[in-house]
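A.B. asks: Need coordinates for the following:
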Amino acid sequence: MSTIITWIKKSWHWLTSMRTALILLFLLALVSIPGALLPQRSVSEVQVNDYLDSNPRMGQIYDKLQLFDVFSSTWFIAIVTLLMISLVGCILPRSSEHYKATKTPPTRAPKFLHRMPLHAEGVVDKPLDVVAADAKKNLKRWHTAEYSADDDRAGAYSIAAERGYTRELMNLIFHIGIVAMLVTIFFGRLSYYEGQVIVVTESGSENAVPVEQSQEFCNTSPANFDSFRAGALFDGTGLTPFCFVSHNFNADYLPNGQASDFTSDVSYALGDDITSDPDTWEKYQLSVNHPLRIGGDRVYLQGHGFAPQVTVTWPNGEKRTQMIQFRPDDPTFFLSSGVLRFDPPAGMYPDLFERRQNQIAIEGLFAPTAQWEGANGDLLTSSYPSMEDPAMAIDIYRGDAGLDSGRPQNIFVLDQSLIANGQLQKVDRVNLQPGDEVTIDGDIKVRFDGAAEYANYQISRDPSQGWVLVSSVAMLAGLIGSLMIKRRRIWVRLRPDEATGGTLVELGGLARTDRAGWTGEFEEIAGKILGRVDDEDESDDFDLEED
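C.D. replies: Reported below is the predicted structural model:
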């Protein structure tokens with residue numbers, strides 16, 4: 001039993017040592033590297049799946065090691081927990097020791113002050129009590145203690161002074177700041193929410209088609225988002241009620257296609273103002289790194305893309321028009337891919353099963369500025385990210401496109417199992433420009449109307465962000481203070497000088513940390529006590545030396 005207790009004490013001593021805390025802090029930074037280099041599920045599960053498809057062997061190994069979920073992995077949480085315990089175990093005893101140190105009188109002067117790194121001595125033509133009063137006056141901002149001849153190691157009246165206790169206090173504040181930052185981040189992740197929504201909006205391009213769908217978004221329900229994630233303590237009812245209308249999206253590009261600026265003009269209302277006239281709503285221009293802050297939430301302009309519009313006309317004259325966002329596969333020139341699915345008119349196929357067998361699916365590429373390559377000049381690519389000469393290359397399918405099946409559908413790709421088992425069959429492959437129309441079997445016409453631009457907005461709320469900022473500032477202030485403040489000691493020993501009737505003064509100085517800058521301060525204090533404030537006016541009575 002005693003062996004176990006001894007082992008526990010040694011383990012606790014090791015865990016709560018400053019060396020262990022530094023090792024864990026370095027280890028935490030080291031294991032965070034995969035989280036920055038590899039795609040994370042918490043950010044984009046699509047990118048994780050693409051990585052697994054491209055690297056099936058290593059991807060499976062990484063997945064088992066939880067490298068796609070670094071910041072929620074078991075080993076990352078274990079390191080953070082150990083670091084928290086280590087820091088708290090360091091802070092508590094050191095805080096107690098620091099409090100005791102501030103209440104404990106400075107230690108007595110050593111017997112031989114001339115052995116100190118800084119030393120000065122001289123004779124002052126004043127009585128001992130007057131010199132002692134001057135010394136205490138010059139050390140009034142120091143923590144001092146007086147020792148009689150009986151208590152002094154050399155048998156003379158002495159004054160001990162110490163300064164720089166704030167250094168240890170700043171060190172403690174630095175470590176408390178680290179703990180507070182970790183705690184606030186932890187609770188912030190439990191109560192935060194974050195969602196993305198895509199709004200098809202007007203753009204400055206003359207080739208864009210008019211947008212007929214709503215350009216308004218209301219932050220009133222998680223169901224209104226295209227994607228949404230939240231902490232474990234968020235139940236979906238604590239959303240900040242506000243709405244905004246996206247009036248436009250504008251992008252400026254350099255001649256090489258590199259984006260130079262994104263902006264989006266919005267108008268918004270908070271709370272009860274939502275029911276007011278939208279023309280009276282507040283206006284704001286969103287841009288990169290300039291979010292809209294409203295009711296504690298932040299609305300970011302995160303990205304953009306294009307939404308082609310296609311109209312399908314059935315033999316009875318009925319039409320179905322869809323405008324849906326495509327995924328940018330090329331982040332530079334925005335060659336994008338996506339899918340449109342159309343359900344035929346109910347009047348043409350009263351039987352639900354037959355109607356499902358005649359659905360139309362269109363899968364293809366969209367280029368904002370078309371460039372045709374390949375041996376036959378029919379391979380579509382994009383040469384510029386702005387919508388200068390839009391075009392589509394599409395595959396048209398007929399059959400069961402998965403609509404009304406109850407299964408979730410990927411809006412960017414077709415369900416390949418439907419194609420593999422013959423439920424969905426390709427009937428044509430064509431290249432279209434705005435206004436072009438193609439007729440497939442059954443006298444069904446497919447027309448590419450053009451495209452509009454969409455903006456991707458992110459709405460975020462983290463109730464801990466203010467506390468994280470306070471913790472970070474406290475941590476930084478503590479670090480700066482612990483590096484700049486120096487712990488140092490001065491001893492002043494006074495003896496009557498029988499030869500002159502004055503007082504023999506001897507001083508010693510010791511820096512408990514870094515000596516940089518300490519020599520000048522010691523010389524100034526010694527000069528004042530010895531009556532020689534000006535260092536250039538030295539005499540044999542004032543012997544200042546540094547060993």
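A.B. asks: Now Lys100: which helix or strand?
C.D. replies: Following DSSP states H and E, the helix or strand that holds Lys100 is helix 74-103.
A.B. asks: residues of that helix that come out buried?
C.D. replies: If you call a residue buried by 16 or more other CB atoms under 10 Å, then helix 74-103 has these buried ones: 76, 79-80, 82-87, 89-91, 94, 98. (Glycine included, C-beta is placed from N, CA and C.)
A.B. asks: Stretch 488-507 too?
C.D. replies: By 16+ other CB under 10 Å, the buried positions in stretch 488-507 come out as 488-495, 502-507.
A.B. asks: Can you lay out those residues as a markdown table showing pLDDT and secondary structure?
C.D. replies: As requested, those are arranged in a markdown table below (pLDDT from 0 to 100; DSSP: H, G, I helix; E, B strand; the rest coil):
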| residue | pLDDT | secondary structure |
| --- | --- | --- |
| Arg488 | 90 | strand |
| Arg489 | 92 | strand |
| Ile490 | 94 | strand |
| Trp491 | 95 | strand |
| Val492 | 95 | strand |
| Arg493 | 95 | strand |
| Leu494 | 94 | strand |
| Arg495 | 93 | strand |
| Gly502 | 90 | coil |
| Thr503 | 92 | strand |
| Leu504 | 94 | strand |
| Val505 | 94 | strand |
| Glu506 | 95 | strand |
| Leu507 | 95 | strand |
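A.B. asks: Adding distance to Ser158, write these out as a markdown table.
C.D. replies: Formatted as a markdown table, the entries for the buried residues of stretch 488-507 read as follows, by distance: CB to CB, whole Å:
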| residue | distance to Ser158 |
| --- | --- |
| Arg488 | 17 |
| Arg489 | 12 |
| Ile490 | 11 |
| Trp491 | 6 |
| Val492 | 6 |
| Arg493 | 4 |
| Leu494 | 7 |
| Arg495 | 10 |
| Gly502 | 17 |
| Thr503 | 13 |
| Leu504 | 12 |
| Val505 | 11 |
| Glu506 | 9 |
| Leu507 | 10 |
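A.B. asks: Which two among these are spaced furthest apart?
C.D. replies: The span of these, defined through CB to CB, is set by Arg488 and Gly502 at 27.7 Å.
A.B. asks: what's the distance between the nearest residue to Ile274 once chain neighbours are set aside and Ala526?
C.D. replies: Using CB to CB, 6 or more residues apart in numbering and skipping residues adjacent in sequence, the residue nearest Ile274 is Cys243, 5.0 Å away. Computed as CB to CB, to the nearest Å, the Cys243 to Ala526 distance reads 72 Å.
A.B. asks: neighbour count winner among the two?
C.D. replies: Here Cys243 and Ala526 are compared on neighbour count by other CB atoms under 10 Å; more neighbours surround Ala526, at 25 against 19.
A.B. asks: and that one, that's in a strand?
C.D. replies: No: note on Ala526: no strand contains this position according to DSSP: H, G, I helix; E, B strand; the rest coil, which reports helix.
A.B. asks: For the spatially closest residue to it that is not a sequence neighbour, pull up the helix or strand it's in.
C.D. replies: Computed as CB to CB, 6+ apart, the closest residue to Ala526 that is not its neighbour in sequence is Ala120, at 4.0 Å. Of the helices and strands defined by DSSP H and E, Ala120 is found in strand 118-124.
A.B. asks: packing partners for that strand?
C.D. replies: Applying 3 or more CB pairs under 8 Å, 6 or more residues apart in numbering; DSSP states H and E, we find strand 118-124 packed against strand 503-511, helix 518-529, strand 542-546.
A.B. asks: Can you show me the CA trace of that strand as CSV?
C.D. replies: Listed in CSV are the C-alpha atoms of strand 118-124, where the atom choice follows Å, rounded to 0.1, in the frame of the first residue of the first chain:
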residue,chain,number,x,y,z
LEU,A,118,27.2,44.0,-7.0
HIS,A,119,29.0,45.8,-4.1
ALA,A,120,29.5,49.3,-2.9
GLU,A,121,30.9,50.9,0.2
GLY,A,122,31.9,54.3,1.6
VAL,A,123,31.8,56.6,4.6
VAL,A,124,29.0,59.1,4.9
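A.B. asks: what does the helix or strand just after it contact?
C.D. replies: On the C-terminal side of strand 118-124, the closest following helix or strand by DSSP H and E is helix 128-138. Residues lying outside helix 128-138 but in contact with it, judged by CB atoms under 8 Å, 6 or more residues apart in numbering, are 124, 126, 144, 146, 157, 159, 492, 494-496, 503, 505, 525, 528-529.
A.B. asks: again with stretch 399-415
C.D. replies: Residues lying outside stretch 399-415 but in contact with it, judged by CB under 8 Å, 6+ apart, are 324-327, 337-339, 341-343, 356-361, 363, 397, 418, 422-425.
A.B. asks: ok, and for that stretch, which residues are buried?
C.D. replies: Buried positions in stretch 399-415, judged by neighbour count with 16+ other CB under 10 Å: Gly399, Asp400, Ala401, Gly402, Phe412, Leu414, Asp415.
A.B. asks: Repeat that for stretch 245-261.
C.D. replies: For stretch 245-261, a neighbour-count test (16+ other CB under 10 Å) marks Val245, Ser246, Asn248, Phe249, Asn250, Ala251, Gly257, Ala259 as buried.
A.B. asks: How about stretch 350-370?
C.D. replies: For stretch 350-370, burial by neighbour count (16+ other CB under 10 Å) applies to 355-356, 358-370.
A.B. asks: Same question for stretch 112-132.
C.D. replies: By neighbour count on 16+ other CB under 10 Å, the buried set for stretch 112-132 is 113, 116, 118-124, 126, 128, 131-132.
A.B. asks: domains in the chain, as residue ranges please.
C.D. replies: According to the domain assignment given by automatic domain parsing, the chain is divided into the following structural domains: 2-95, 105-163+486-546, 264-453.
A.B. asks: Figure out how far the longest one is from the centre of its chain.
C.D. replies: In this case it means domain 264-453. Between the centre of domain 264-453 and the centre of its host chain there is 33 Å, according to CA atoms, centre = their mean, to the nearest Å.
A.B. asks: List the beta-bridge partners for the residue nearest to Ala526.
C.D. replies: Here Ala120 shows beta-bridge partners Leu507, Leu544, assigned using DSSP bridges.
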